[in-house]
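Colleague: Provided below are the primary sequence and the corresponding predicted coordinates.
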Amino acid sequence: MTGGPNAPDRPDISVLERLSDVPARQWDRCAGPDNPFVCHDFLSSLEDAGCVSDATGWSARHIVIKAPDGTLAAAAPLYLKSHSKGEYVFDWGWAEAFERAGGRYYPKLVSAVPFTPVSGPRLLVRADQTAPQRQIIKQHLVNAMAGAAQQAGLSSLHANFIPAADVPVFQQARYLMRVGLQYHWPNRDYENYDDFLGQLTSRKRKALKKERRTATDNGRITIKRLRGDAILPGHWDALYAFYHDTSTRKWGQAYLNREFFQLLGERMSERVLLVMAWRDDSLIAGALNLIGSDALYGRYWGCLEEVRHLHFEVCYHQAIEAAIELGLARVEAGAQGEHKIARGYLPVLTHSAHFIPDPDFRSAVAQFLDHERRAVNHERTGLQRESPYRQTPPPR
């Protein structure tokens with residue numbers, strides 16, 4: 001690593017098993033302000049609430065690089081995993097094949113935001129570095145992660161939902177690249193929701209208007225968007241109940257506990273947007289969103305009363321309205337869901353990087369990824385033809 005007081009020639013690299021061991025301000029100087037999921041408050045809330053721990057199979061092994069003055073120059077959120085749950089980049093088949101061949105797939109290392117299928121930086125570098133220095137430091141981080149996997153004799157290391165701009169950094173370190181699909185809503189500087197509707201075909205526009213009326217039971221259900229001090233403990237209680245009900249029915253377990261939601265409210269309420277639905281005086285549904293510098297990120301949803309189209313209203317239409325009001329460039333509505341296309345969300349590629357030391361296993365995975373990449377691109381092309389827009393917005 002070369003140049004400058006914050007870029008030592010011999011990087012001081014170490015591993016932290018608790019995010020609380022690094023000052024929040026120093027971590028956030030590396031994470032930057034754009035993506036709320038990599039900030040100290042969010043990641044430490046997961047650890048402090050016990051959602052991320054040895055007991056849950058997410059053991060923190062964060063890679064950090066210190067500057068000569070002892071402050072943090074760079075970091076990478078990293079976890080030792082004893083399973084593949086809560087990642088959303090699915091490698092169950094890889095694990096089965098490796099173990100069938102006599103290997104031990106778990107534990108493995110994962111650089112990700114736990115339980116969060118949101119693309120964002122995994123190589124966190126202070127912004128006061130020059131562009132060339134940042135690239136060198138990032139290379140140190142990816143090499144340190146790969147080295148940790150090799151030294152521990154692990155099967156693999158996975159960096160999930162990385163930014164497209166960091167793909168070359170991982171490729172240079174011989175990581176295998178994987179693509180996936182998500183559905184994002186692009187804001188073309190709309191003034192309001194009706195302005196957005198005006199860009200859709202007539203048939204789709206009428207369908208969404210009708211859908212929104214149905215979702216509110218023709219005005220019998222009230223929907224509000226809440227931020228900051230407007231979010232009260234009762235709202236968090238209700239949201240957790242919604243989330244827990246949906247998670248246990250859909251996945252068989254809830255990854256997050258009530259304490260996590262409490263910490264999120266205490267530490268990040270201004271970056272939280274709750275969309276809550278009432279029938280009379282009773283909360284019946286809600287969704288949690290986090291606000292970034294240029295995107296609204298939809299995360300958890302749940303309901304206690306089944307109402308036709310209410311899910312689409314609370315999670316998608318309200319998110320679009322909020323993004324327009326906040327001047328955000330896009331809405332990222334989480335993993336999966338071709339039904340999002342009809343609501344204006346378009347298919348975009350996501351990226352992950354995988355370091356596999358064993359040459360035979362690496363070769364087999366590389367062949368699989370070649371086939372998968374072609375299939376994903378073919379699927380995306382087909383899905384783009386289903387766009388509801390009169391003229392499809394260009395991808396961001």
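Modeller: Arrived safely.

Colleague: Only C-alpha atoms from now on, for both contacts and neighbour counts.
Modeller: Will do.

Colleague: Poorly predicted segments of this protein, please.
Modeller: Within the chain, the segments meeting pLDDT under 70 span 1-9, 251-252, 392-396.

Colleague: quick one: the most centrally placed residue in it from Leu181, how far?
Modeller: For the chain, the residue sitting closest to the mean C-alpha position, by CA atoms, centre = their mean, is Val118 at 1.7 Å. With the distance defined as CA to CA, to the nearest Å, Val118 ends up 11 Å from Leu181.

Colleague: What of Pro388?
Modeller: Relative to Leu181, and taking CA to CA, Pro388 is found at 18 Å.

Colleague: if you count what's nearby, which of the two comes out ahead?
Modeller: Applying other CA atoms under 10 Å to Pro388 and Leu181 shows that Pro388 carries more neighbours, namely 22 against 19.

Colleague: Contact partners for that one?
Modeller: If you count contacts by CA atoms under 8 Å, 6 or more residues apart in numbering, Pro388 has them with 200-201, 204, 341-344.

Colleague: what about Phe260, how many neighbours?
Modeller: Phe260 has 20 neighbours, counted by other CA under 10 Å.

Colleague: Please name the nearest non-neighbouring residue to it.
Modeller: Nearest non-adjacent residue to Phe260, counting by CA to CA, 6 or more residues apart in numbering: Ala49, 5.1 Å away.

Colleague: Count residues in the vicinity of the one you found, would you?
Modeller: By other CA under 10 Å, the burial measure for Ala49, its neighbour count, is 18.

Colleague: give me the element Tyr105 is part of.
Modeller: Under DSSP states H and E, no helix or strand contains Tyr105.

Colleague: wait, isn't it in contact with Ala149?
Modeller: No. No contact is recorded between Tyr105 and Ala149 when judged using CA atoms under 8 Å, the distance being 11.8 Å.

Colleague: Looking at those two, which is more packed in?
Modeller: Ala149 (22 against 18).

Colleague: Please report the distance of the more buried one from Phe355.
Modeller: From Ala149 over to Phe355 (counting by CA to CA), the distance is 8 Å.

Colleague: list residues touching both of these two?
Modeller: With CA under 8 Å, 6+ apart, Ala149 and Phe355 have common neighbours 156-157.

Colleague: Can you give me the distance of Gly92 to Tyr175?
Modeller: I think there's a mix-up here, since residue 92 is Trp and not Gly. Distance from Trp92 to Tyr175, by CA to CA: 19 Å.

Colleague: Tell me the secondary structure at Glu191.
Modeller: Secondary structure, DSSP: H, G, I helix; E, B strand; the rest coil: Glu191 is coil.

Colleague: where exactly do the strands run in the stretch 201-350 of the chain?
Modeller: Per DSSP state E, counting those that start in this stretch, the stretch 201-350 of the chain carries strands over the ranges 221-226, 272-279, 282-291, 295-303, 330-335, 346-355.

Colleague: List just the one of those strands that sits closest to Trp58.
Modeller: strand 346-355 (18.0 Å; CA to CA).

Colleague: who does that closest one touch, helix- and strand-wise?
Modeller: Contacts defined by 3 or more CA pairs under 8 Å, 6 or more residues apart in numbering; DSSP states H and E place strand 346-355 against strand 157-162, helix 167-172, strand 176-186, helix 359-384.

Colleague: Now with 6 Å, please.
Modeller: In terms of contacts (3 or more CA pairs under 6 Å, 6 or more residues apart in numbering; DSSP states H and E), strand 346-355 is packed against strand 157-162, strand 176-186.

Colleague: contacting residues for Asn143?
Modeller: With contacts defined as CA atoms under 6 Å, 6 or more residues apart in numbering, Asn143 has no neighbours.

Colleague: The helix or strand it falls within versus strand 346-355: what angle between them?
Modeller: Assessed by DSSP H and E, Asn143 sits inside helix 131-151. Put simply, helix 131-151 runs at 60 degrees to strand 346-355, going by axes from the mean of the first three to the mean of the last three CA atoms, to 10 degrees.

Colleague: what's the angle between helix 131-151 and strand 157-162?
Modeller: 140 degrees.

Colleague: where's helix 131-151 relative to the chain centroid, distance-wise?
Modeller: 22 Å (CA atoms, centre = their mean, to the nearest Å).

Colleague: Buried residues, it. List them.
Modeller: Applying a neighbour-count criterion of 16 or more other CA atoms under 10 Å, one finds 133-135, 137-146, 148-150 buried in helix 131-151.

Colleague: cool, and stretch 158-167?
Modeller: Those would be 158-163, 166-167, for stretch 158-167 by 16+ other CA under 10 Å.

Colleague: mind putting those residues in CSV, distance to Phe42 included?
Modeller: Formatted as CSV, the buried residues of stretch 158-167 follow (distance: CA to CA, whole Å):
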residue, distance to Phe42
His158, 21
Ala159, 18
Asn160, 17
Phe161, 17
Ile162, 18
Pro163, 19
Asp166, 22
Val167, 24
